[in-house]
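Asker: Kindly generate the corresponding structure for this input.
(2 chains)
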Amino acid sequence: MKSDARLTRREDTVAERYVMSIDQGTTSTRCILFDHGGRLVSVTQREHKQHFPRPGWVEHDATEIWRNLEQIGPKALAQAGIGSGEVAAVGIANQRETTVLWDRHTGIPVTRAVVWQDTRTDMLVEELARRPDAYIVEDLCGLHLATYFSAPTIRWLLDHTPGLRERADRGDVLFGTMESWLIWKLTGGPDGGVHVTDVTNASRTLLMNINNLSWDDTLLDFFGVPRAMLPEIRPSAQTYGVATRVMPGVRIAAALGDQQAALFGQTCFAVGEAKCTYGTGSFLLLNTGHEPIRSTHGLLTTVGYQIGDEPAVYAMEGSIAVTGALVQWFRDGLGLIGTAPEIETMARSVGDNGGCYIVPAFSGLFAPHWRSEARGIIVGLTSYITKGHLARAVLEATGWQTREVVDAMNADSGLDLRTLNVDGGMTANNLLMQFIADVLNVPVVRPMVAETVSLGAAYAAGLAVGYWPDLEGLRRNWHRAAQWLPAMDPALRAREYDNWQRAVERTFDWIKPHEE
Amino acid sequence: MPGPVQSIERAAAILRLLAQGSGRLGLSEIANSLGLARGTAHGILRTLQMVGFVEQDEATGKYQLGAALLHLGTSYLDVNELRSRAINWADALAARSGEAVRIGTHLQGKLLVVHHVFRPDDTLQTLDVGVLLPMHATAMGKVLLAYDANAAAAVPDGDLEPFSRRTIRTTKELTRALSGIREVGWAADVEETTVGEASVAAPIRGYGGLVVGAMGISGPVERLCDPHNRPRPDLVTFVRDAARAVSRDLGAPRW
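Answerer: Predicted structure coming up:
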């Protein structure tokens, strides 16, 4: 029966048109169709393989990701029982910083894509950081030097792939993050493909000037990245081109890094509004308006979004490397649960953490510590500890890491966070959401559409083509789906936070300098 | 009376085989042991794998008994897993119907609320997850009684606890109501729990059509029902479509 997927309300069947979003994430690619009310109409998804060729290396096959999109795009349309003619526009949200280099003439990636989690550039980053002119990086782009961002990866690939630098200098090899790669492929690839990126993705490369939103020659020189391989920087919401493949004729009208897309999907359009997306990693973004604010507490300055020719909106970001990934490790690495949601069942089998804490510094710690030499630990082990306590410690690690970022953000912005808007897969975990409300001591609110990453990309694309009139119209689509209120005894909160902080200290200085 | 079903006999033989010895066998070993064509054995193994009775090792490609088989006696689907799989469709149902959505499962004679989406009007509401509700007086509870034989067996014989003038009072009356629910595929509760409140619910099914939970909306009678106190057909359709969408994601056959 077809009608089950076509859950359209009668009053908005006027044009019967939808907006599609492509969420190219770290573990999977998804296509979602939304209707005019911002409601989800159909979802298709396909996971791609994670390659771990060496310790610390994480790679994706960009061609596999493209093929997945070729499958799930048409499937999403079929599930909704519509043709591509009924899609007003498509928007892309993508895993950020992941670096794809491909041959302009053949459309074939020159290496596997290097994922944001990959730490192969740690030596290079250390080396670059020791240069006397290293201070310009943060001054110009608002980010500090870290393995996480694209520029060191591009440099590493150019240095370690024979002949690549010459090809890049000649403009035969193109760089892009995942949105650039997919837009180029969708618009024809070697046959007229459009090579663009959006301001939010460009703001994560270490190569874009945060004030004028253009590639910066000083930064290009610093990292040794040839300009010829870079895409053109465009606003987040603007028609970049028309798809010739997968969904022929559909306008590609938005691209945002996944976290910025979530900020947009949560309709955090006003200064001071913040959201946290709980996925593999977690990312808290605060809208800071038209001026970039510099952090003194380890947060990043980034672009939130830019609608057409309007001035860009900036955001402050706290990134946590490992949250959902810790649950995945609990499932796949330890095999203690069969599926990720079962962690809540296991955690509820005990009343507390039993004195056990897990600090998941798998590839160092991100905000607010930025310690690349830290590694994960489990502390407080006694013979009393069961897998239930470990399950609790896994979930609590996400709560405390959020608390550290919120503390830093409050200090930098001078505002106290009043409410935390949350989204992402982990918001289905009630124990975790309650714990976050408890340790932050503010209400935690989940909006009606948990898929805010996809929704944000759809919203931006819909705005660009006039499917939605303005930001206010989008805001009206936002509704509260669930709310968790803080209920923890303040003394307990203080004691537990202290334990957590002591556990974090014990992760520092584990990897010795100059040791592979 | 029809004879034995050959594929079920073969499936049982495969499970017996895997339960013996090392417990890890390749496709050829299984096919050879039972004298089956590789294609036939593969088809059966894939089905067993889908329902969780058999698992395949990614590295070696060998088959072994699945975790689901070891936990046959306990919960079929973890409630947190159910919430996680249903959350998008529950949100969509709340957005479309304009009412609060809940998902429930059967727990020791009661209805356990495992997921709750607020009514999308941004008024102050409190999460209901973990709350126990009466089975015979709620739409979700009646759906589970209609489709889950174990839940139905847990209802005590005799008089049922009344919550309002309209609550079903006797098991006889309940039996009649349940057979009506099975006929139409959904249930309603109009002022049976609380005066002025109504709810509509439909079953969520997993593999093989097994009912694993119920999903429904609730709200004031005047919004959910027509002037004759009958649930509005458009809302019933929303509820049934959403429950079907979750079921489809859980691997239920189409119905």
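Asker: Am I right that B:Ala202 is in a helix?
Answerer: No: assignment of B:Ala202 by DSSP: H, G, I helix; E, B strand; the rest coil gives strand, placing it outside any helix.
Asker: which ones are touching it?
Answerer: The contact partners of B:Ala202, by Cβ atoms under 8 Å, 6 or more residues apart in numbering or on different chains, come to B:Val143, B:Gly185, B:Trp186, B:Ala187, B:Ala214, B:Met215, B:Gly216, B:Val239, B:Arg240, B:Ala242, B:Ala243, B:Arg244. The C-beta positions use only the backbone N, C-alpha and C, and glycine is treated the same way.
Asker: when you check chain A, which of those turn up near it?
Answerer: B:Ala242, B:Arg244 (Cβ under 8 Å from any Cβ of the partner chain).
Asker: What score does the closest residue to chain B within the stretch 101-250 of chain A have for pLDDT?
Answerer: Nearest to chain B, among the residues of the stretch 101-250 of chain A, is A:Arg112, at 19.8 Å (Cβ to the nearest Cβ). pLDDT for A:Arg112: 96.
Asker: residue contacts, it?
Answerer: Applying Cβ under 8 Å, 6+ apart, the residues near A:Arg112 are A:His51, A:Glu59, A:His60, A:Asp61, A:Ala62.
Asker: Can you tell me which of these is closest to B:Arg96?
Answerer: Among those, A:His60 lies closest to B:Arg96 (Cβ to Cβ), at 35.9 Å.
Asker: can I assume that closest one is in contact with A:Glu47?
Answerer: No: using Cβ atoms under 8 Å, A:His60 is not in contact with A:Glu47, being 10.9 Å away.
Asker: Of those two, which one has the most company?
Answerer: When neighbours are counted by other Cβ atoms under 10 Å in any protein chain shown, A:His60 and A:Glu47 differ, and A:His60 comes out ahead with 24 against 11.
Asker: Apart from its neighbours in sequence, what residue is nearest B:Ala154?
Answerer: Leaving out its chain neighbours, the residue that sits closest to B:Ala154 by Cβ to Cβ, 6 or more residues apart in numbering or on different chains is B:Gly109, at 4.3 Å.
Asker: List the residues that contact that neighbour.
Answerer: So B:Gly109 contacts B:Met135, B:Ala151, B:Ala154, B:Val155, B:Pro156 (Cβ under 8 Å, 6+ apart).
Asker: In contact with the residue lying closest to the first one once chain neighbours are set aside, which residues?
Answerer: Of all residues beyond its chain neighbours, the one nearest B:Met135 is B:Gly141 (3.5 Å), with distances taken as Cβ to Cβ, 6+ apart. Shown here is B:Gly141, whose contacts under the criterion Cβ under 8 Å, 6+ apart are B:Gly104, B:Leu111, B:Leu133, B:Pro134, B:Met135, B:Ala214.
Asker: And A:Met178, by the same measure?
Answerer: A:Gln24, A:Ala62, A:Ile65, A:Ile92, A:Asn94, A:Gln95, A:Thr98, A:Val100, A:Ala113.
Asker: So what sits opposite the closest residue to it other than its chain neighbours in the bridge?
Answerer: Nearest non-adjacent residue to A:Met178, counting by Cβ to Cβ, 6+ apart: A:Asn94, 4.0 Å away. In this entry, A:Asn94 is beta-bridged to A:Gln24, A:Gly257, by DSSP bridges.
Asker: gap between A:Ala393 and A:Ile436?
Answerer: Distance of A:Ala393 to A:Ile436, computed by Cβ to Cβ, to the nearest Å: 15 Å.
Asker: Can you give the distance of the top helix by length along chain A from its chain's centre?
Answerer: In chain A, assigned by DSSP state H, the helix with the most residues is helix A:387-413. How far helix A:387-413 lies from its chain's middle: 18 Å, per Cα atoms, centre = their mean, to the nearest Å.
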